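**Student:** Okay, sequence plus prediction incoming.
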Amino acid sequence: MSTQALITLVITIVSTILLAGGWLRPDLVALLTLGILGVSRLVSPDQALAGFSGSAVITILAISVIAAGLHQTGISYSLGQLMKKLAGSNENRLILVVMLSGAILSMVMNNIAAMSVLLPAAMSLSRLTRIPPSRMLMPLAFGVIAGGMATLFTTSNIITSSALKDAGFSPFGLLDFLPIGVPVILIAVLFMRFIGKRLLPERFPAGKVEHFHQKREELMNVYHINSSLWEVAVPHGSGMAGLSIRDGAWRTRIRVNVIGITRNGSFISSPTPDVIIREGDILLTQGEPALPVLEYYGLKLLEEKPITGELINGESTIAEIALAPHSNIVGKTLREIHFREKYNLTVLALWRAGKPIHIGFAGKPLRVGDGLLVRGSTKNLRILNQEHDFIFLEEDPDAIVHPKKARLAGLIGLATLFVGIAGWYPIALVALCGAAAMILTGCLNMDEAYASIDWKAIFLIAGLWPLSTAINSSGLSSQLIQSLLLFSSKVEPIILVSALLFVTMLLTNIMAGQAAAPIILAPIGLAIAKSTGLDARMVLMTIALGCSLAFPTPIGHPVNIIVMGSGGYSYKDYMKVGLPLTVCLFFVILFGLHLFWGL
């Protein structure tokens with residue numbers, strides 16, 4: 001093996017370990033990889049930066065903007081409402097409708113956007129039908145993933161198509177994935193309907209809906225808020241009187257959050273940290289106060305009080321939100337981002353690993369999929385709903401920003417889809433024009449367009465792209481394949497492709513490889529095709545589809561992480577349901593490759 005190939009191999013292994021281990025942010029790993037490849041002259045400066053202008057990055061960026069346009073104008077909300085109308089209240093029908101809705105929507109937009117659209121609708125369905133979210137959200141996630149395998153719009157499909165183009169082959173068309181993708185969707189739906197539903201957990205059954213606020217009361221019961229609310233009086237001479245909430249350090253000293261103040265007969269909702277505590281105030285607090293500590297600071301604990309009249313009233317309400325996969329606050333704490341001051345909202349509890357956390361969560365680094373129960377005014381909640389760092393788990397039709405542009409956004413989306421299918425122009429150019437049209441017609445503005453883009457994914461793909469170039473140009477891919485064929489010269493193509501599909505699936509589930517796995521494996525796949533005479537497009541189709549076999553682990557795909565907290569799922573749940581589904585789809589893909597691609 002040449003020196004260049006050896007260095008490239010070491011860089012590839014180290015990058016893979018760092019991506020799988022999660023010690024550094026994936027986008028940082030990608031940029032470090034880019035820098036090392038450029039400095040070591042394994043790629044030229046132009047090759048090192050080529051990923052930023054590559055068709056894969058442009059396509060993903062543009063599709064994100066188009067999806068945001070559909071969301072901001074209410075098209076997505078209407079689709080969610082249609083899903084609710086079709087679903088009814090029968091669980092079997094619900095699973096079918098939820099999965100097919102996710103699959104169909106992810107065929108025309110990226111998977112995360114599809115999940116963001118349908119998740120609130122699914123949560124509403126859960127409340128209306130009294131069927132636990134755990135029975136619906138995993139089918140929704142799996143439907144979205146399966147649907148993404150049917151068209152070009154999935155990240156791994158776009159990357160492999162771009163790799164084909166760079167290697168001088170015809171890239172994948174918009175519907176080239178359809179012949180295998182449609183059977184994959186059907187088998188996935190049938191599996192979940194007849195087998196998967198028996199394996200799904202049943203957690204947090206909804207109670208009887210008696211009045212308008214009942215669904216919020218259910219949230220408070222799930223988060224165990226009732227047991228953590230206390231009224232604390234501030235008598236004359238208390239050491240906490242005269243101090244602001246921030247200076248009083250209520251979280252660290254008293255182990256409670258001040259979420260309301262009754263003063264002179266009026267109630268102050270969601271007080272900011274700068275509000276001064278006065279003698280005679282009665283504080284509504286949330287946490288676990290210790291009596292000796294209260295006595296030390298001259299405070300008096302009153303009886304625990306029902307929360308409905310305090311937390312949910314004409315001025316304030318509560319909502320449940322989850323962190324989006326591309327959120328800029330992942331890894332940061334609520335204290336670091338000054339959540340309360342920035343949004344004028346109070347976080348009542350953090351949901352993580354299947355249970356609520358009431359104390360000390362403000363200092364915990366946030367993770368993708370974490371649930372937050374927040375309280376504040378309806379106006380402030382709607383402002384937060386416009387932030388792309390969060391996904392609201394409840395629909396709000398008033399949060400639609402540009403409702404009058406809905407028909408126009410729909411026409412732009414359909415036109416982009418039609419021209420893309422026709423193949424008159426490259427997909428990247430078509431998608432970019434569609435995104436520009438969304439902005440020019442006012443379906444969303446530039447700030448909203450920038451906010452809709454998953455910049456972490458963009459830098460991850462662009463940063464790792466030169467690694468794919470180095471694997472090919474250094475001769476590493478061809479040398480690895482030659483060594484493999486030396487020991488297995490008589491291996492049948494079906495065995496070789498099966499092994500490649502398995503390795504791709506394994507790598508995806510270990511390193512969350514929707515972007516990383518296809519970039520690393522594409523040059524190896526092209527080398528396999530060259531050495532064995534197999535169709536290069538068929539081999540890269542194998543890699544693309546293998547990257548979507550991300551059902552057995554939550555980290556295998558971002559949509560799995562999104563529903564993990566809301567559905568109360570554990571790693572075991574994903575393995576229990578996702579592994580047999582993966583085995584079924586593994587053979588469906590192989591049969592499709594044989595039938596449609598001549599394997």
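**Tutor:** Perfect, I can see it now.
**Student:** Now do the same for residue 480: helix, strand or coil?
**Tutor:** Assigned by DSSP: H, G, I helix; E, B strand; the rest coil, the conformation of residue 480 is helix.
**Student:** OK, contacts around it?
**Tutor:** Applying CB atoms under 8 Å, 6 or more residues apart in numbering, we find residue 480 in contact with 524, 527. Yep, even glycine has a C-beta here, placed from its N, CA and C like the rest.
**Student:** ok, 10 Å please
**Tutor:** Counting by CB atoms under 10 Å, 6 or more residues apart in numbering, residue 480 makes contact with 1, 5, 9, 471, 523, 524, 527, 528, 531.
**Student:** just the buried members of those?
**Tutor:** Buried members of the contacts of residue 480, scored by 16 or more other CB atoms under 10 Å, are 5, 9, 471, 523, 524, 527, 528, 531.
**Student:** Walk me through the domains of the chain.
**Tutor:** Here the domain assignment for the chain is 3-203+411-597, 226-306, 318-397, based on automatic domain parsing.
**Student:** so of those domains, which one's packed in deepest?
**Tutor:** Highest mean neighbour count among the domains of the chain (mean count of other CB atoms under 10 Å): domain 3-203+411-597, with a mean of 21.
**Student:** chain center to it, what's the gap?
**Tutor:** Remark: domain 3-203+411-597 is offset 12 Å from the chain centroid, using CA atoms, centre = their mean, to the nearest Å.
**Student:** Distance to residue 405 and mean pLDDT added to the domains of the chain, as JSON lines?
**Tutor:** As requested, those are exported to JSON lines (distance: least, CB to CB, whole Å; pLDDT from 0 to 100):
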{"stretch": "domain 3-203+411-597", "distance to residue 405": "5", "mean pLDDT": "87"}
{"stretch": "domain 226-306", "distance to residue 405": "33", "mean pLDDT": "84"}
{"stretch": "domain 318-397", "distance to residue 405": "15", "mean pLDDT": "81"}
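**Student:** Can you check which of those domains gets nearest to residue 403?
**Tutor:** Taking CB to CB, domain 3-203+411-597 is the member of these nearest to residue 403, at 5.0 Å.
**Student:** end-to-end on the closest one?
**Tutor:** By CA to CA, to the nearest Å, the extent of domain 3-203+411-597 from end to end equals 37 Å.
**Student:** tell me the phi and psi of residue 169?
**Tutor:** With angles defined as degrees, to the nearest 10, residue 169 sits at phi -100, psi 160.
**Student:** likewise residue 374?
**Tutor:** The phi/psi pair for residue 374 (degrees, to the nearest 10) reads phi -120, psi 150.
**Student:** just to revisit the earlier point, out of the buried ones among the contacts of residue 480, which one sits closest to residue 573?
**Tutor:** For the buried ones among the contacts of residue 480, the nearest to residue 573 is residue 524 (32.7 Å; CB to CB).
**Student:** Grab the nearest non-local neighbour of the closest one.
**Tutor:** The shortest distance from residue 524 to any residue other than its chain neighbours is 4.9 Å, reached at residue 477 (CB to CB, 6 or more residues apart in numbering).
**Student:** Would you confirm that that neighbour belongs to a strand?
**Tutor:** No: read with three-state DSSP, residue 477 is helix and lies in no strand.
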